[in-house]
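Asker: Fold the following and give me the result.
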Amino acid sequence: MNGLDRQRRIEPTMGRMPPGAPALRRVESARMDDTRRRMLYDARSKSALVAYLLWFFLGQVAAHRFYMGHTGVALAWLAVAFVSFVLTFVLVGVLGFVILGLWWLVDGVRLAGMVHQHNERVAYEL
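Answerer: Presented below is the predicted three-dimensional model:
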């Protein structure tokens, strides 16, 4: 057998995938999809620790609401805080601060559920 015959026998098999390769590709593709989903979930999910830290230290300016993506509620919170601050000089604004304080406490109780609900929604979308 000369070198040319040997090359002809090897060439047709070089471009072909071994038996079971399509199944291997599907498994690798599924792994990449799972990895991609996990990475997207990690990027979009919210941390309960960060939410509680924002609630505790910056809760009076609704930082935890902005973090959770509840921008409308956070802006309403800021509006009530601003109006309360302005009206504090005539002693009516104190009522607004009392309302915000109660709202802050209620948010502290509900925050874990809000984070969990957000993360479930992210997982469902992926």
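Asker: rest of the way, CA atoms for contacts and neighbours
Answerer: Noted.
Asker: Can you get me a residue count around residue 39?
Answerer: Using other Cα atoms under 10 Å, residue 39 has 12 neighbouring residues.
Asker: check contacts around it.
Answerer: With contact set as Cα atoms under 8 Å, 6 or more residues apart in numbering, residue 39 has no partners.
Asker: Just the element for it, please.
Answerer: Secondary structure assigned from DSSP states H and E places residue 39 in helix 21-44.
Asker: taking the mean pLDDT, what do you get for that helix?
Answerer: Model confidence over helix 21-44, given as mean pLDDT, is 73.
Asker: Name the next helix or strand following it along the chain.
Answerer: helix 48-58.
Asker: Now that next one: buried residues?
Answerer: Buried residues in helix 48-58, counting neighbours by 16 or more other Cα atoms under 10 Å, are found at 48, 51, 52, 54, 55.
Asker: Could you verify my assumption that the third one touches residue 110?
Answerer: The reference is to residue 52. No. Taking contacts as Cα atoms under 8 Å, residue 52 lies outside contact range of residue 110: 10.5 Å.
Asker: And this structure, what are its domain boundaries?
Answerer: Annotated domains of the chain cover 3-43, 46-125 [automatic domain parsing].
Asker: Could you identify which of these is most buried?
Answerer: Per-stretch averages of neighbours, counted by mean count of other Cα atoms under 10 Å, single out domain 46-125 among those, with a mean of 16.
Asker: weakest of the domains of the chain by average pLDDT?
Answerer: The minimum mean pLDDT among the domains of the chain belongs to domain 3-43 (a mean of 63).
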